[in-house]
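Undergrad: What would the 3D arrangement of this be:
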Amino acid sequence: MNFYKKLKQVANESLHIMIVPHSGNHVRQLNFKRIILHTFGIFIITICISLMVLIYSNVHLNQQLDDQTNNLSKLQEINEDQANRINQLENITSEVSEKLSRLNELEIQTRSLVGLKNKNNTSSSKPVSRSAFRNKLPISSITNQSSNIEETMKTLASEMDKETENLNVLIADVKKQLKFLDAQPNKMPTQGRITSKFGYRRSPFSGRRDFHTGLDIANKPGTPVRAAGTGIVSFTGWKSAYGKVVIISHGYGYRSLYAHNKEILVKVGQKVRKGDIITKMGNTGRSTGPHLHFEVHYKGQQIDPLKVLNK
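TA: Residues are numbered from 1 along each chain as shown. As a prediction, the model looks like this:
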């Protein structure tokens, strides 16, 4: 009750302000309720506090905005750097893919040159298109593009492993093929005129039809006779109607025979290289004139030398 009375008393109290002009005339008096002045003062204080809070908040927000702007600028620089790196990586990826394709083509050509069949599991990589990265990449797509590049690099790494394996296999195959081609008796053993081929003919001795087992090449006596392929001399000496004979074992099922020689220049067990001189042409044995009788045997069967010889 006392508080209520005191509050009522304060509310009824007035503040008198007298305005006295310099002339002393017309003195004015202004009356204000004290509670109104108190309320107005509280209002002014509240406004001031609110303005201070607003100013502080605005400064803080501006600082945060500046920080975010700086962070965004740095992020933009990072993203642009990543985009450049991705473009560079794409170019490298494309070059590696193109080189793999060229290696694959070279492998096919090499196999063709040495007479090897192409492998079914050779690399079939195609060059990666560079146009996909030529334009500037949007920031939002860098992550996805980077993932695509990583997948492409993994694929290329796998292709390179396969191509390395293929090349190792190719090297081994080529070595075997070159060894085979070197051993194969496919080099014309001497110079001269072919007087009789492999197959049925009329015998120069009996005039009857008989089977000729080799290739006759005529020239003057002493003409060098060369090994048709690399191998080991397995026989030298006289062989009835063949006269002086040299036989070379080449491996891979091949043997070659050189007959009617005047002189033998090699020994049994000697290794000869393709093109080495092994005899001199003669007219020994059953012969109608100086010539070389040349035979090729494959897996124990006499075959047409012209099907093996490089013409």
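Undergrad: what stretches of this protein score poorly on pLDDT?
TA: For the chain, residues meeting the criterion pLDDT under 70 lie at 1-20, 22-27, 29-38, 113-114, 119-150, 205-206, 311.
Undergrad: 80 - rerun?
TA: Applying pLDDT under 80 to the chain flags the ranges 1-41, 60, 73, 79-164, 166-167, 169-171, 174, 203-208, 311.
Undergrad: secondary structure element for the most centrally placed residue in it?
TA: Closest residue to the average C-alpha location of the chain: Leu100 at 2.8 Å, with CA atoms, centre = their mean. Here Leu100 is covered by helix 34-113, with elements defined by DSSP states H and E.
Undergrad: picking up where we left off before, pretty sure the residue nearest to the centre of the chain sits against Lys162.
TA: No: judged on CB atoms under 8 Å, Leu100 makes no contact with Lys162 at a distance of 9.1 Å. (Glycine included, C-beta is placed from N, CA and C.)
Undergrad: before we move on, the earlier item: what is the helix holding Leu100 packed up against?
TA: Counting contacts by 3 or more CB pairs under 8 Å, 6 or more residues apart in numbering; DSSP states H and E, helix 34-113 is packed against helix 2-12, strand 14-19, helix 142-183.
Undergrad: relative orientation of that helix and helix 142-183 in degrees?
TA: Angle, helix 34-113 to helix 142-183, by axes from the mean of the first three to the mean of the last three CA atoms, to 10 degrees: 10 degrees.
Undergrad: wait, isn't Arg202 in contact with His212?
TA: No: in this structure Arg202 lies outside contact range of His212 using CB under 8 Å: 9.8 Å.
Undergrad: Give me the more crowded residue out of those two.
TA: Neighbours per residue, other CB atoms under 10 Å: of Arg202 and His212, the larger number sits with His212, 16 against 11.
Undergrad: close enough to count as contact, that one and Ser196?
TA: Yes: the pair His212 / Ser196 is scored as a contact, 5.5 Å apart, by CB under 8 Å.
Undergrad: So Phe294 versus Lys271, what's the distance?
TA: In this view, Phe294 and Lys271 are 20 Å apart by CB to CB, to the nearest Å.
Undergrad: the more surrounded of these two?
TA: When neighbours are counted by other CB under 10 Å, Phe294 and Lys271 differ, and Phe294 comes out ahead with 24 against 12.
Undergrad: secondary structure element for the more buried one?
TA: Element membership for Phe294, per DSSP H and E: strand 291-298.
Undergrad: again with Lys280
TA: strand 277-281.
Undergrad: Give me the neighbour count for Ile189.
TA: Quick fix: residue 189 reads Pro, not Ile. Neighbour count for Pro189, taken as other CB under 10 Å: 24.
Undergrad: How about it: what's its closest non-neighbour residue?
TA: Of all residues beyond its chain neighbours, the one nearest Pro189 is Ala228 (4.9 Å), with distances taken as CB to CB, 6 or more residues apart in numbering.
Undergrad: and the one you found, how many neighbours?
TA: Neighbours of Ala228 (other CB under 10 Å): 27.
Undergrad: Next up, the contacts around it.
TA: Contacts for Ala228 were tallied using CB atoms under 8 Å, 6 or more residues apart in numbering; they are 185-189, 248, 256, 274, 294, 296, 309.
Undergrad: Setting aside sequence neighbours, what's the nearest residue to Thr213?
TA: Per CB to CB, 6+ apart, closest to Thr213 is Gln302, 4.9 Å.
Undergrad: Pretty sure the one you found sits against Glu295.
TA: Yes: if you go by CB under 8 Å, Gln302 and Glu295 touch, sitting 6.1 Å apart.
Undergrad: what sits in contact with each of the two?
TA: Each of 213-214 lies in contact with both Gln302 and Glu295 under the rule CB under 8 Å, 6+ apart.
Undergrad: So for those two, which sits in the more crowded spot?
TA: Neighbours per residue (other CB under 10 Å) separate Gln302 from Glu295, with Glu295 holding more: 21 against 15.
Undergrad: so what's that one bridging to?
TA: Leu257 (DSSP bridges).
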